[in-house]
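Trainee: Mind looking at a prediction? Sequence and model below.
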Amino acid sequence: MCGIIGYLGDKNAKTVLIEGLRALEYRGYDSAGLAVFDRAGEVFIRKTEGKVKDLERYSASLSAEYSSGIAHTRWATHGEATGINAHPHTSSDGRVILIHNGIIENYMPLKKKLESEGARFQSETDTEVIAELISKFYESGRLIEAVASALANVQGSYGLAVMARDMPGTIVGARNGSPLVVGIGDSCLSIASDRNALPACARRIFYLDDGELVHLGAEGYRTISLANVETTKEVEDFHREIQHSDRAGYPHYMLKEIFEQPGTIADCYRGRILPQEGLARLGGLDPLDERLHDFRRIIITACGTSWHAALVGEYLIEELAGIAVEVEYASEFRYRNPIIDAHTLVLVISQSGETADTLAALREAKMRGAAVAGIVNATGSTIAREAGCGIYVHAGLEKSVASTKAFTSQVIALFLFALRLARMTKLSSDQGIRYLAELVSLPRKIENILNRAEEIRAIAGVFRGKSNCLYLGRGIQFPVALEGALKLKEVSYIHAEGYPAAEMKHGPIALIEPDMPVVVVASRCGVYEKVISNIEEIRARRGMVIAITTEGNEGIRRHVDHVFYIPEIDEALSPILTVIPLQLLAYYIAVAKGHDPDMPRNLAKSVTVE
Ligand code: AGP
């Protein structure tokens, strides 16, 4: 979950690198560093604990023009978030300089062997061990060969950018498990862990594959495998995603992205529905078209918020299409012995398209012969490419670590998929038409909720001084309760648990203390009266109940302490509306506690390590 950027070109490398780091900061922000070469080939390294703005201040004295360099933002895996552990790291002889994203699993034995040969290490990191190892093989002018030789001894995941003190105009990249994309421009070459960090001069791009290295230099680029065999790459035009680099007037990306949802929801279904026929059209799934009838079982695998979207998908697909669905944590699925046959479809859901566990689960499913498809936000990401087909959710760049707009767009994509399957079997065109009429009403209903955000900010006040709370929901609202709890944990650091409402009496009710906040998602559904009973069980123990319910339900007021109303919507699409107040609640509580909701402690936007 670190950010990597490298640049060779005619612009000032330091400026280009700092700008790239800003676009990468959401991937990790414990510490940051850069190494730049001036026109005379002298190298300057600056690194510091803290954020990119701290590095900018710390490297302000580097005012000359620099022609090349590498830079890094860190999410600490091995070694605390300190200046010493920040990247770039250099070999003890100073010849090799590198930055790394990933985890080297055999770094300790490698470190011990290198120390026995006289190496001395400054940091606690695994990365420094790679620098020392490369230096052991390095002969002047042959950097990519030395990197390949060193990596032959390495186990684990890496995305590397390496430079040599005596080769200022060369950058070597290497990938195994952590993404790297190469940018090609008329007057520049660049490399980054995320395409959105590439400099403006990048006009075409290609992605490194696992076990592949690239040499960037004055003569252009060339790629080889770890076995030093030339490889050829499919170069594509680079259409930079319109990233609203500022916050568009919002205090944080998280709030901006919450408020973007009326638009991003519409972007997800636009061009994919035939309202007059009650049909969904998902061109990205065309490769599976012939097999859609054959699937008897669908496994959906993901992590975190995407896993919550998968749980909503389970309800939707089983309810609408009558096909059995199992939802699996990707981190579990990849190590289990899943039963997969020719009638199994495996859907992987990922906002970033780079989550290591989800990528590994995808590869496991493919290796076992399953049909696979991705539901991904980041176009061109590793999971999107390796899935081969799927549905892009078109939520746009999501920069806040806490995922909001991607979640609702993932649910829309799953709804469209469920409708596509259902209309092939049990759903009539009239039913399909009615569902689509509900779907297209969502943007204005989300606006209705967002226009009353201040009501949520007022409710957030009851969480002042609280350290524990519960989120409850039944049926399709249970995953929403889980998602609301995760949002609160991530950005406010308040311990929150989501449970099926009926599960309370099997233990969790022991947690209820006077005035303990309990958020209940009580949309008008088939078991609504039972949800009211659960609320009464909480009130009997003087818990404080905050209800999210459907407008017009005035009767609930006598059972709860606070209520927030959402517009009427079909139960199948209700998670899109019930989750919005929970997103806002987490945001306002975090801000009230003085936290930066965009960069919560210990977290990173894309978990590209196990
Ligand atoms: C969500 O707010 C978290 N940032 C986290 O749980 C995230 O959903 C998870 O890491 C999966 O990420 P992905 O969707 O990019 O695969």
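Mentor: Nice, I can see it. Computed from a predicted structure; not experimentally measured. Numbers count the residues shown, from 1 in each chain.

Trainee: mind listing what Gly102 touches?
Mentor: Taking C-beta atoms under 8 Å, 6 or more residues apart in numbering, we find Gly102 in contact with Gly156, Ser157, Tyr158, Gly159, Asn176, Gly177, Ser178, Thr608, Val609. Where you see a C-beta, it was placed from the backbone N, CA and C, and this is true even at glycine.

Trainee: correction: His495
Mentor: Ser467, Asn468, Cys469, Lys489.

Trainee: Considering the residues you listed, which possesses the most neighbours?
Mentor: Scoring the contacts of His495 on neighbours with other C-beta atoms under 10 Å, the highest-scoring entry is Cys469 at 25 neighbours.

Trainee: what about it, which helix or strand?
Mentor: strand 468-473 (DSSP states H and E).

Trainee: Can I get that strand in PDB, CA atoms only?
Mentor: Below are the C-alpha coordinates for strand 468-473, written out as PDB (Å, rounded to 0.1, in the frame of the first residue of the first chain):
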ATOM      1  CA  ASN A 468     -18.600   1.500  21.700                       C
ATOM      2  CA  CYS A 469     -21.700   1.200  19.600                       C
ATOM      3  CA  LEU A 470     -23.700  -1.300  17.600                       C
ATOM      4  CA  TYR A 471     -25.300  -1.200  14.200                       C
ATOM      5  CA  LEU A 472     -28.200  -3.500  13.500                       C
ATOM      6  CA  GLY A 473     -30.200  -4.500  10.500                       C
END
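
Trainee: chain center to it: distance?
Mentor: Counting by C-alpha atoms, centre = their mean, to the nearest Å, strand 468-473 is centred 24 Å from the centre of its parent chain.

Trainee: which strands and helices sit next to it?
Mentor: In terms of contacts (3 or more C-beta pairs under 8 Å, 6 or more residues apart in numbering; DSSP states H and E), strand 468-473 is packed against helix 478-492, strand 495-500, strand 517-522.

Trainee: Starting from it, tell me which strands it pairs with and how they run.
Mentor: Strand 468-473 sits in its sheet next to strand 495-500 (parallel), strand 517-522 (parallel), going by DSSP bridges.

Trainee: right, so those strands: which one is the most enclosed?
Mentor: strand 517-522 (a mean of 28; mean count of other C-beta atoms under 10 Å).

Trainee: all strands of the stretch 1-150 of the chain, in order?
Mentor: Counting by DSSP state E, counting those that start in this stretch, the stretch 1-150 of the chain has strands at residues 3-9, 31-38, 43-49, 66-74, 89-90, 96-101.

Trainee: Could you list the low-pLDDT ranges of this structure?
Mentor: 27-28, 241-245 (pLDDT under 70).

Trainee: residue contacts, Arg558?
Mentor: Neighbour list for Arg558: empty [criterion: C-beta under 8 Å, 6+ apart].

Trainee: hey, C-alpha coordinates of stretch 207-219 in PDB?
Mentor: Coordinates of each C-alpha in stretch 207-219 appear next as PDB, following Å, rounded to 0.1, in the frame of the first residue of the first chain:
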ATOM      1  CA  TYR A 207       1.500  -2.400 -17.200                       C
ATOM      2  CA  LEU A 208       4.300  -4.700 -15.900                       C
ATOM      3  CA  ASP A 209       3.300  -8.200 -15.200                       C
ATOM      4  CA  ASP A 210       4.400 -10.300 -12.300                       C
ATOM      5  CA  GLY A 211       8.000 -11.500 -12.700                       C
ATOM      6  CA  GLU A 212       8.800  -8.700 -15.200                       C
ATOM      7  CA  LEU A 213      11.300  -5.900 -15.200                       C
ATOM      8  CA  VAL A 214      11.700  -2.700 -17.200                       C
ATOM      9  CA  HIS A 215      14.700  -0.600 -18.100                       C
ATOM     10  CA  LEU A 216      13.900   3.100 -18.700                       C
ATOM     11  CA  GLY A 217      16.700   5.200 -20.200                       C
ATOM     12  CA  ALA A 218      17.800   7.600 -22.900                       C
ATOM     13  CA  GLU A 219      17.400   4.900 -25.500                       C
END
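
Trainee: For the helix or strand where Leu359 lies, which outside residues touch it?
Mentor: For Leu359, the element it lies in under DSSP H and E is helix 356-367. Contacts to helix 356-367, defined as C-beta under 8 Å, 6+ apart, come from residues 157, 177, 299, 301-303, 306, 328-331, 333-334, 338, 340, 346, 348-350, 372, 374, 382-383, 386-387, 607-610.

Trainee: what's the answer for stretch 130-141, then?
Mentor: Taking C-beta under 8 Å, 6+ apart as the rule, stretch 130-141 contacts 89-93, 95-98, 100, 104, 107, 110, 114, 117, 119, 121, 145-147, 149-151, 153-154, 158, 160, 162, 164, 166-167.

Trainee: Same check on stretch 183-192?
Mentor: Taking C-beta under 8 Å, 6+ apart as the rule, stretch 183-192 contacts 3-11, 16, 20, 24, 161, 171, 173, 180-182, 195, 198-199, 201-206, 214, 216-217, 220-221, 235, 238.

Trainee: how does it look with 6 Å?
Mentor: By C-beta atoms under 6 Å, 6 or more residues apart in numbering, the residues outside stretch 183-192 that reach it are 5-10, 161, 173, 181-182, 198-199, 201-205, 216.

Trainee: quick one: terminal-to-terminal distance for it?
Mentor: Stretch 183-192 has an end-to-end distance of 8 Å (C-alpha to C-alpha, to the nearest Å).

Trainee: And it, what's buried?
Mentor: Gly183, Ile184, Gly185, Cys188, Leu189, Ser190, Ile191, Ala192 (16 or more other C-beta atoms under 10 Å).

Trainee: now the first one: how far from Arg39?
Mentor: The reference is to Gly183. Distance, Gly183 to Arg39, by C-beta to C-beta, to the nearest Å: 22 Å.

Trainee: One more: the last one?
Mentor: Applying C-beta to C-beta, the value for Ala192 to Arg39 is 23 Å.

Trainee: again, but for the third one
Mentor: From Gly185 over to Arg39 the distance is 19 Å, taken as C-beta to C-beta.

Trainee: quick one, helices of the stretch 1-150 of the chain?
Mentor: Assigned by DSSP state H, counting those that start in this stretch, the helices in the stretch 1-150 of the chain fall at 13-24, 52-58, 107-116, 127-137, 143-151.

Trainee: Quick check: which of those helices is buried the most?
Mentor: Of the helices of the stretch 1-150 of the chain, helix 127-137 is the most buried (mean count of other C-beta under 10 Å), at a mean of 25.

Trainee: which residues does the closest residue to the ligand within the chain contact?
Mentor: Per C-beta to the nearest ligand atom, Gly304 is where the chain lies closest to the ligand, at 1.9 Å. Gly304 sits next to no residue when contact means C-beta under 6 Å, 6+ apart.

Trainee: ok, now which ones touch Val519?
Mentor: Tyr471, Ile546.
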